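1. this one's sequence-less:
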């Protein structure tokens, strides 16, 4: 513990320590490029700023991401819903692995991260527990299955 409150804490967010983290980011860049080169977006797209058209291939994109990416501390996906051996923290019933009966309701189990507002995400997830989320007070606020 630090005795000087003016010294910021040393925090290691462990970016890209799981192989799926960097793979997902690389594939997202590739998908974004493909989408932007497809009508109707290609008609308004003015070109790539970062990482730049010269950065191609998985290895180059991974290198760029590892050097460039940082967080704005908008934590999402900190309690990943996936199998425990893959790094998951909660199961499909939102139960935290290794606990007796601790559950998570919210958007921290969202994988992969999204730019959606959390309230919209809760409704879009149409999760049986979404009405327990602070921004989704009741099931009537959620769309019916298949409704956009």
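-> On my side now, so go ahead. Everything quoted here is computed from the prediction, not taken from an experiment.
2. How about the biggest helix by length in the chain, which residues are buried there?
-> Longest helix in the chain, counting residues (DSSP state H): helix 19-36. By 16 or more other CB atoms under 10 Å, the buried positions in helix 19-36 come out as 21, 22, 25, 26, 29, 33. Just so you know, the C-beta spots here come from the backbone N, C-alpha and C atoms, and that holds for glycine as well.
3. any idea which helix or strand comes after that helix?
-> Heading C-terminal from helix 19-36, the first helix or strand you meet, by DSSP states H and E, is helix 58-68.
4. What residues sit buried inside that next one?
-> For helix 58-68, the neighbour count (16+ other CB under 10 Å) marks 61, 62, 64, 65 as buried.
5. Report the separation between the first one and residue 35.
-> Remark: distance between residue 61 and residue 35 (CB to CB, to the nearest Å) = 16 Å.
6. And for the second one?
-> Using CB to CB, we find residue 62 at a distance of 20 Å from residue 35.
7. Please apply the same query to residue 16.
-> Distance, residue 16 to residue 35, using CB to CB: 23 Å.
8. For the chain, name the helix or strand with the lowest mean pLDDT.
-> Every helix and strand in the chain was compared by mean pLDDT, DSSP states H and E; the lowest is helix 118-125, with a mean of 50.
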